[in-house]
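Colleague: Below: sequence and its predicted model.
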Amino acid sequence: MGGQSRFSKNIICIGAGYVGGPTMAMIAAKCPQYKVTVVDINAERIDAWNSENLPIFEPGLYEVVKQARGRNLFFSTEIEKAIKEAQIVFVSVNTPTKTFGEGAGKAADLQYWEKTARDIIRASDTDKIIVEKSTLPVRTASAMERILNANDKGIHFEVVSNPEFLAEGTAVADLENPDRVLIGSQMTETGLKACKEIVEIYANWVPAQKILTSNVWSSELSKLVANAFLAQRISSINSISALCEYTEANVSEVAGAIAMDSRIGPKFLNASIGFGGSCFKKDILNLVYICESYGLHEVARYWENVVLMNDYQKRRFVKTMIRTMFNTVAGKRIALFGFAFKANTGDTRESPAIDVTRQLAEERAKVVITDPKALDNAKMDLQSCLEFVEFCEDPYEAAKGAHAIALMTEWNEYKKLDYQKIYSQMEKPAFVFDGRNILDHKLLFEIGFNVFPLGRVPLTHL
Ligand SMILES: NC(=O)c1ccc[n+]([C@@H]2O[C@H](COP(=O)([O-])OP(=O)(O)OC[C@H]3O[C@@H](n4cnc5c(N)ncnc54)[C@H](O)[C@@H]3O)[C@@H](O)[C@H]2O)c1
């Protein structure tokens, strides 16, 4: 015990990914009185967390990790040992969409989650609080409690839900100053006691009025609903971008006008190539599946359309490219500026750029991909069409000899490039398809580009 007694709580997190790593680093940085250990089956990932090259890119994350690592923050593959010593076990393993069997393509695949439950039973010899940090279907806590408490060691496990609302790219700021922290528990004596323990952790830096407690089902469901609502705003404005292109309305002006209605507000109203990331699509499809399983088919269809609209937007973008480039892109070099699903992350999971690249490869275009942080992930995502793809760190090189640039990710640096120089090195007529509406379209047009924004009249010399 010796070394551990100086810590007032022993917390671990199973799963050292985009959520487990940053979340625990923040807890450790804010609470030096707790010992925080993050464990994972992936040794390479753990090694990276222990190095100067963290396994994920997040602005400000390295500084937070460095502050606590070795002091009260530890990354390890010794899962059993960590579980045994912990009082509180956060579980932040991946919960992807099921790809096989019942519910394939929609339901959440809970195999990793259930495996951790079995690891917890095996390694434990004292009561523990198990915290659902992963995003899970509503009522998972009930199944988990049944599995965990079926142990024959007489140990009591209390499952609470504490979904994570951080956004990649701003994870550190979101964790430091969250809009809210949600903790759901059973309304029993042990449930409420466990809830209080978790509240106590966040109360070290989050103001009391931002820490919400609820019943465990509301907490589980709120995470799915938050993602569904956020994605729905993107699909809503994207559907309007299609209409704008036919009516000469400007989607940015429309968004600006509706955003000033305080009931609507300005966020998540930028028309774009579509949403990506590991969560929105999988969480909505999970919501759809849950609704279907309760016979709520109309509710299921309503939310499913958010995903269908997103697919439509990506297809529409590629169709516009092909149509404007004289109905063929075969053999044409097309530079994709950005591959990450959003700026300030190297994460490419469900990035719209993946679908766009695959569709262009099917049309036999030569796709050249550049991105400041995501090229390694892009290479893994595009294994199936590598013969049509090239990777290039320098955007100027990527655009050299290209017929078109398609802007996929809203990296700030793409706004600042010398487009005059880029234009001079491209094939003519040269096209820009701005999938995020971030470039200076008028300037690009004046340089000589044919410019195709989303939801606005194109500026062309043709
Ligand atoms: N990425 C986000 O922005 C975000 C935001 C909020 C919530 N979430 C949710 O958080 C959860 C984790 O997401 P993520 O993006 O961090 O996933 P991730 O894939 O980056 O990380 C999950 C980690 O869990 C590890 N793991 C899997 N099974 C394990 C086991 N049995 N024992 C130990 N480690 C195991 C994997 O090796 C991996 O490193 C998901 O449920 C996701 O929906 C993600």
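Modeller: Cool, got the structure.

Colleague: which bits of the stretch 101-250 of the chain sit near the ligand?
Modeller: By C-beta under 6 Å from any ligand atom, the residues of the stretch 101-250 of the chain that approach the ligand are Tyr112, Lys115, Thr116, Ser134, Thr135, Glu164, Leu166, Glu168. Every C-beta, even on glycine, is put in place using the N, C-alpha and C of the backbone.

Colleague: In the chain, what residue lies closest to the ligand?
Modeller: At 1.9 Å from the ligand, Gly17 is the closest residue in the chain, using C-beta to the nearest ligand atom.

Colleague: re the thing from before, with neighbour count and secondary structure added, can I get the residues of the stretch 101-250 of the chain next to the ligand in JSON lines?
Modeller: Output for those, formatted as JSON lines (neighbours: other C-beta atoms under 10 Å; DSSP: H, G, I helix; E, B strand; the rest coil):
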{"residue": "Tyr112", "neighbour count": "16", "secondary structure": "helix"}
{"residue": "Lys115", "neighbour count": "13", "secondary structure": "helix"}
{"residue": "Thr116", "neighbour count": "22", "secondary structure": "helix"}
{"residue": "Ser134", "neighbour count": "26", "secondary structure": "coil"}
{"residue": "Thr135", "neighbour count": "25", "secondary structure": "coil"}
{"residue": "Glu164", "neighbour count": "24", "secondary structure": "coil"}
{"residue": "Leu166", "neighbour count": "18", "secondary structure": "coil"}
{"residue": "Glu168", "neighbour count": "24", "secondary structure": "coil"}
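
Colleague: Give me the distance between Thr348 and Ile369.
Modeller: 10 Å (C-beta to C-beta, to the nearest Å).

Colleague: where do the contact lists of these two overlap?
Modeller: Common contact partners of Thr348 and Ile369 (C-beta atoms under 8 Å, 6 or more residues apart in numbering): Phe339, Ala378.

Colleague: between the two, who's got more neighbours?
Modeller: The neighbour count for Thr348 versus Ile369, taken as other C-beta atoms under 10 Å, is higher for Thr348 (27 against 24).

Colleague: Figure out the helix or strand that that one lives in.
Modeller: Following DSSP states H and E, there is no helix or strand that holds Thr348.

Colleague: Leaving out chain neighbours, which residue sits closest to it?
Modeller: In space, and not counting its chain neighbours, Thr348 is closest to Asn377: 4.1 Å by C-beta to C-beta, 6 or more residues apart in numbering.

Colleague: Now for the one you found, how many residues are close by?
Modeller: 20.

Colleague: Quick check, central residue of this structure?
Modeller: By C-alpha atoms, centre = their mean, the chain has its centre lying nearest to Gly277, at 3.8 Å.

Colleague: So that one is in contact with Phe341, correct?
Modeller: Yes - counting by C-beta atoms under 8 Å, Phe341 is a contact partner of Gly277 at 4.8 Å.
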